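Peer 1: what follows is a protein structure lacking sequence information:
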């Protein structure tokens, strides 16, 4: 095996690039997917787009996650700047109207096609509906064209004295930077102890010989990695310092790396956004660990990890938080259909002999919209929460099951390049909903971000009630002493549940008879758990917990923790949405 090494030198001694999930924080070390995108952009902007270079880039994406050498860096404060908005925000009214005409023309052509298809299928009902829509689109196009003609005619007419209307003068001035509105921007950056960064891949000598020359020619033309002020020179080199960041599924740092289909995904993304619309870099996520360090569970962290796989609901009726167990069971069942046989213990929660797993396994956690004054309590999506101690092979088995499910959906869509196709989840009598995987950390909804539920805090409150591991007694007893004994037993049960998932024993636990978060539902409103009436039914309670030190989530407590019950929210987060 030989090493392919790309050396990147930051000419100013600093890197300007934002974290993908925190625009106020600088990214360091640079993500391999960012370097790959810079290479593809350089190729695409070339006057001669050489096929050999394209093939080299497609090959590079298949090499997996590289080892990285990157020096220590000093994070600089992100100072806000006020900059003029882009010209697109102050386009001439005629240009905007031309866009409306173009949209109307496209809509008319699409409606014509629908009408012709209905006629060809001899579907009278569909034909009548399409004909009506066709008439409406024709009227719309006519109206937009007349409006454009009127605007163009008015634009050519000055006042009688030859002067131009004040509105036209103001519109022209708006194109100048001094007259445009200002928008706050920040440019987070790091100062580097060593301006050189090395990305290293192991590869076969024959493949390196076939693609190396074309790649070497391309990398020398890269001028920036990150922001336009982050100027670089790049080259292929024979030697590199010992890497200090290595791919490791149990590592503490998450970086974006190229997907094997990265070149095609970038082309498809460009076709959609045309460098105009907001865009997200296609990638896959890879954990890295600092070389020489042994990853360890941080003190004050639960046994569950923060690298969630999140799915958002895109279609189907919104479900109440009361349906969380039903949704979680359906999701686990769907994953098992695409898992190996016998199914991995991580997914099933059972050993190969059918006995229940005695170690933490996958938690399927529906995520309710709670804790906000506008909260509705509806489920916005769900998360697959993997235990921190899960082995690489177990994680790979889960990802493989998700990949097979998504591949089936891509076949049904007849589009192999869809990064996260819609997945149908059948819920029995509740019907079905459609889910779509969310890029890690990139959801616009706080409810669907793992850091919303995992941020360190001393105080935590239940978003969904805890199903107690043992019966505490009658919490609603008429006898005050009996009721107090039941409350004490419930609080102790919750404290033990915290220790069971690796957290310190809380300094205080308060049982809440009401709902602690806006949008939540009373514990007694939830269906019986377990759903099997032949099993012991668990008492469910809401609670507030206080720890002696800040602890990191996710905090999932009680007998229903693998199905969305006992989900807690750090109290530092007063707003989720």
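Peer 2: Alright, I've got the coordinates. Computed from a predicted model, the values in this text were never measured in an experiment.

Peer 1: what's the burial count for residue 341?
Peer 2: 5 (other CB atoms under 10 Å). (C-beta placed from N, C-alpha, C; glycine too.)

Peer 1: I meant residue 44, not that one.
Peer 2: 12.

Peer 1: how's the protein carved up into domains?
Peer 2: By the assignment in automatic domain parsing, the chain contains the domains 2-78+188-290, 88-183, 309-446, 450-570.

Peer 1: how far off centre is the first one?
Peer 2: To tie it back to what came earlier, the one meant is domain 2-78+188-290. 20 Å (CA atoms, centre = their mean, to the nearest Å).

Peer 1: repeat for stretch 323-335
Peer 2: Distance, centroid of stretch 323-335 to centroid of chain: 21 Å (CA atoms, centre = their mean).

Peer 1: quick one: average pLDDT of the top helix by length along the chain?
Peer 2: Secondary structure of the chain per DSSP state H: the longest helix is helix 124-155. The average pLDDT for helix 124-155 rounds to 79.

Peer 1: from the contact counts, what lies against it?
Peer 2: helix 93-120 (3 or more CB pairs under 8 Å, 6 or more residues apart in numbering; DSSP states H and E).

Peer 1: in the helix it packs on, what's buried?
Peer 2: Going by neighbour count (16 or more other CB atoms under 10 Å), the buried part of helix 93-120 is 97, 98, 100, 101, 104, 108, 111, 114, 115, 118.

Peer 1: likewise for stretch 535-553?
Peer 2: Result for stretch 535-553 [16+ other CB under 10 Å]: buried residues 538, 539, 540, 541, 542, 543, 544, 545, 547, 551, 552, 553.

Peer 1: repeat for stretch 262-273
Peer 2: Buried residues in stretch 262-273, counted by 16+ other CB under 10 Å: 262, 263, 265, 266, 268, 269.

Peer 1: quick revisit: a markdown table please, covering the domains of the chain and showing distance to residue 303.
Peer 2: Formatted as a markdown table, these follow (distance: least, CB to CB, whole Å):
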| stretch | distance to residue 303 |
| --- | --- |
| domain 2-78+188-290 | 13 |
| domain 88-183 | 44 |
| domain 309-446 | 5 |
| domain 450-570 | 4 |
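
Peer 1: got phi/psi on the nearest residue to residue 230 once chain neighbours are set aside?
Peer 2: Spatial nearest neighbour of residue 230, chain neighbours left out: residue 16 (4.2 Å); criterion: CB to CB, 6 or more residues apart in numbering. Main-chain torsions, residue 16, degrees, to the nearest 10: phi -120, psi 100.

Peer 1: I'd say residue 16 and residue 232 touch.
Peer 2: No. At 10.9 Å, residue 16 does not count as touching residue 232 under the criterion of CB atoms under 8 Å.

Peer 1: if we can go back for a sec, ok now do the residue nearest to residue 230, which residues does it touch?
Peer 2: Going by CB atoms under 8 Å, 6 or more residues apart in numbering, residue 16 touches 26, 187, 188, 189, 226, 227, 229, 230.

Peer 1: distance of the last one relative to residue 17?
Peer 2: The spacing between residue 230 and residue 17, counted by CB to CB, to the nearest Å, is 6 Å.

Peer 1: find residues that contact each of these two.
Peer 2: residue 189.

Peer 1: follow-up on the earlier one: out of the domains of the chain, which comes closest to residue 301?
Peer 2: domain 450-570 (4.4 Å; CB to CB).

Peer 1: separation between residue 413 and residue 421?
Peer 2: 6 Å.

Peer 1: please identify which of the two sits among more neighbours.
Peer 2: residue 421 (20 against 12).

Peer 1: pull the number of nearby residues for residue 374.
Peer 2: Counted with other CB under 10 Å, residue 374 comes out at 9.

Peer 1: just checking, what packs against the longest strand seen in the chain?
Peer 2: Across the chain, the longest stretch assigned as strand under DSSP state E is strand 540-551. Judged by 3+ CB pairs under 8 Å, 6+ apart, the packing partners of strand 540-551 are strand 457-462, strand 466-467, helix 480-500, strand 508-512.

Peer 1: got the angle for it vs strand 508-512?
Peer 2: Angle, strand 540-551 to strand 508-512, by axes from the mean of the first three to the mean of the last three CA atoms, to 10 degrees: 150 degrees.

Peer 1: wait, which of the domains of the chain is closest to residue 300?
Peer 2: Closest among these, once you apply CB to CB, is domain 450-570, at 4.2 Å.

Peer 1: what about that closest one, distance to the chain center?
Peer 2: 28 Å.

Peer 1: before we move on, the earlier item: among the buried residues of stretch 535-553, which pair sits farthest apart?
Peer 2: Of all pairs in the buried residues of stretch 535-553, the most separated under CB to CB is 539 and 552 at 27.6 Å.

Peer 1: in the longest helix of the chain, what counts as buried?
Peer 2: Buried-residue list, helix 124-155, by 16+ other CB under 10 Å: 127, 130, 133, 134, 137, 140, 141, 144, 148.

Peer 1: ok so, going back, so which of the buried residues of helix 93-120 is the closest to residue 569?
Peer 2: The closest of these to residue 569 turns out to be residue 100 (CB to CB; 44.6 Å).

Peer 1: any idea of the angle the longest strand of the chain forms with strand 457-462?
Peer 2: Going by the same axes, to 10 degrees, strand 540-551 makes 170 degrees with strand 457-462.

Peer 1: check which helices and strands the helix or strand following strand 540-551 sits against.
Peer 2: Per DSSP states H and E, strand 540-551 leads on to strand 568-570 as the next helix or strand towards the C-terminus. Secondary-structure packing of strand 568-570 (3+ CB pairs under 8 Å, 6+ apart): helix 450-454, strand 457-462.

Peer 1: give the rounded mean pLDDT of strand 568-570.
Peer 2: Rounded mean pLDDT across strand 568-570 is 95.

Peer 1: next one: stretch 319-334
Peer 2: For stretch 319-334, the mean confidence score works out to 95.

Peer 1: what distance separates that stretch from the middle of the whole chain?
Peer 2: 21 Å.

Peer 1: can you list the buried residues in it?
Peer 2: Judged by neighbour count using 16+ other CB under 10 Å, the buried positions of stretch 319-334 are 319, 321-332, 334.

Peer 1: residues of the helix or strand hosting residue 9 that come out buried?
Peer 2: Using DSSP H and E, residue 9 sits in strand 2-10. Of the residues in strand 2-10, 3, 4, 5, 6, 7, 8, 10 count as buried by neighbour count, 16+ other CB under 10 Å.
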